[in-house]
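*Asks:* Mind looking at a prediction? Sequence and model below.
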Amino acid sequence: MTRPSARQVTRPADAAPVLAGVERMRLDNGLRVVLAADRNASAVCVAVHYDVGFRSEPAGRSGFAHLFEHLMFEGSARVGAGLHGRHVQAAGGTFNGTTYRDHTVYYQVVPPEALERMLFLEADRMRGPRLTEATLARQRAVVKEEILRNITAQPYGGFPWIPLPPALFTTFANTHNGYGDLADLAAGTLADCTAFFDTYYAPANAVLTVCGDIDPAACAELVRRHFDDVPARPVPVRPSAAEARPTEDRQDEHLVPGLPMSALALGYRLPDPVAETDRYLAAAVVGALIGGGENSLLHRSTVRDAGTAVSVHAGAGLTGVPLEARDPDVFVIRAMMPSPGSAQAVTEAAADALHSLAQSGPDPAALARATARMAVERHRRLDRLGARAQQYGRFELHHGDAGLAADLPGRIRRITPAAVAAAAADLGRQRRRGVLLAPAPTPGGPR
């Protein structure tokens, strides 16, 4: 069998030093591999990103990607049900899995001597998880409990990432609740689960990332030993989730019993995070300037001066994390307000802040502070081994470049006042789309 060769990736001079040794290779079955040595680390992280998320789910199968994430912990050919986590914990490590809009990731952080065991575990379930009626019923019940506990039972459960997309988008891929409709989850069959695995969990639809205290050459051999014989399968064509921008204003309102305070979220479309990364980052800087703390434009106008909001925040990313998804992604302004009647004032203040930034550009000192904070935050993310591995894998999966994690701090610091003004103008030109959560009237109380 022909062995793939590792390819060294060089980064700009202002890249984070810890990322200087990123290497990439691809196995014959299509699996992409990212190796990142950090001999100062006291642990290793093994992460696998699969190119499947909420937006991959067909109509009638909402929540299926998240349900399947749970099923992947139910054992595999040579690992019994529930033993994956026990193996990780027995090695003194931690593990988790998370489903996002455009990918699902599994990771474990362990001492270096447990590396091969983690590679074995991930390779074995990549070959095939244990899918039975019993495991499906058990994990369906677990997911149902998650929905009831984290969404249904919480006054702001899933806000704004669940209620905002239907106000901003039109297609099922972009609007549906990724946690899942309980009826859809109940309707999923074992045959559906098998088909889902066969379609999306192919090696060529995944990225394996190993970072930390490793020797890249030795680690590459371990990867080949455990993953070379995972059978190759066709990779599905990922459909575009692109939509035209809204052409009219819209605000959805939801009355929520027991809501202690009104909440408003305004959504705007962002530039393509993959094809227009620098324009996307400029919009993220806009978020820091207008809603990134007590010195931001919106905090001063709504919280400090007018009292129309108790708190306000603005930024790139539907869940508050920039570059977490592919196109289309969302710029969100969210505010907690003393009453639903403040929504119009906060919406107008947001429009004024964007207009002001577009017309006058950012104050140079404020821009320098904002980009410095954002760059430092990117570096902080790289301090945590698990977060670092997930960034490598996500950027390799979405952008085809794991080393983007190293580039981002420098690219953020180089964003110009003109780029920020242009980003603010683009956001300000868009039609207003939002969602308002308001307290439901108390029966028998004042209306």
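*Replies:* Yes, it's here.

*Asks:* can you give me the strands in the stretch 301-447 of the chain?
*Replies:* Under the criterion DSSP state E, counting those that start in this stretch, the stretch 301-447 of the chain contains strands at 311-316, 330-337, 433-439.

*Asks:* quick one, which of the ones you listed is packed in tightest?
*Replies:* Comparing the strands of the stretch 301-447 of the chain by mean neighbour count (mean count of other CB atoms under 10 Å), strand 330-337 ranks first with a mean of 25. Backbone N, C-alpha and C define where each C-beta goes, glycine included.

*Asks:* packing partners for it?
*Replies:* If contacts are counted by 3 or more CB pairs under 8 Å, 6 or more residues apart in numbering; DSSP states H and E, strand 330-337 sits against strand 262-269, helix 277-291, strand 311-316, helix 343-360.

*Asks:* Mark out where each domain of the protein begins and ends.
*Replies:* As given by automatic domain parsing, the domain ranges for the chain are 7-227, 250-439.

*Asks:* ok so, going back, between the helices and strands packed on strand 330-337, which gets nearest to Asp213?
*Replies:* Smallest distance to Asp213 across the helices and strands packed on strand 330-337 (CB to CB): 30.6 Å, for helix 277-291.

*Asks:* Now do the closest one against strand 311-316, angle only.
*Replies:* Here helix 277-291 points in a direction 170 degrees away from that of strand 311-316 (axes from the mean of the first three to the mean of the last three CA atoms, to 10 degrees).

*Asks:* So which elements touch the helix or strand just after helix 277-291?
*Replies:* Following helix 277-291 in sequence order, the next helix or strand is helix 297-298 (DSSP states H and E). In terms of contacts (3+ CB pairs under 8 Å, 6+ apart), helix 297-298 is packed against helix 277-291, helix 343-360.

*Asks:* got the contact list for helix 297-298?
*Replies:* The contact list for helix 297-298 (CB atoms under 8 Å, 6 or more residues apart in numbering) reads 289-291, 309, 312, 314, 333, 335, 349-350, 353, 356-357.

*Asks:* low-confidence ranges in this structure?
*Replies:* Confidence mapping of the chain against pLDDT under 70 gives the ranges 1-20, 444-447.

*Asks:* Go ahead and flag the most central residue of it.
*Replies:* Closest to where the C-alpha atoms of the chain average out (CA atoms, centre = their mean) is Glu324, at 3.6 Å.

*Asks:* ok so, going back, switch the strands of the stretch 301-447 of the chain over to CSV; also include distance to Ala204.
*Replies:* Converted to CSV, the strands of the stretch 301-447 of the chain look like this (distance: least, CB to CB, whole Å):
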stretch, distance to Ala204
strand 311-316, 30
strand 330-337, 29
strand 433-439, 37
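
*Asks:* Ok, which of those comes nearest Glu146?
*Replies:* Nearest to Glu146, of all the strands of the stretch 301-447 of the chain, is strand 433-439, at 20.8 Å by CB to CB.

*Asks:* To Pro260, which of the strands of the stretch 301-447 of the chain lies closest?
*Replies:* strand 433-439 (7.6 Å).

*Asks:* SS state for Val142?
*Replies:* helix (DSSP: H, G, I helix; E, B strand; the rest coil).

*Asks:* Surely it touches His70?
*Replies:* Yes - Val142 is in contact with His70 according to CB atoms under 8 Å; the separation is 5.9 Å.

*Asks:* what about those two, which has more around it?
*Replies:* A count of neighbours by other CB atoms under 10 Å puts His70 above the other of Val142 and His70, at 18 against 13.

*Asks:* That one and Asn177, how far apart?
*Replies:* As judged by CB to CB, to the nearest Å, His70 and Asn177 stand 16 Å apart.

*Asks:* same thing with His398?
*Replies:* For His398, the distance to Asn177 - CB to CB - is 22 Å.

*Asks:* Counting neighbours, go ahead and name the busier of those two.
*Replies:* Looking at His398 and Asn177 with other CB under 10 Å, you find the greater number of neighbours at His398, namely 21 against 18.
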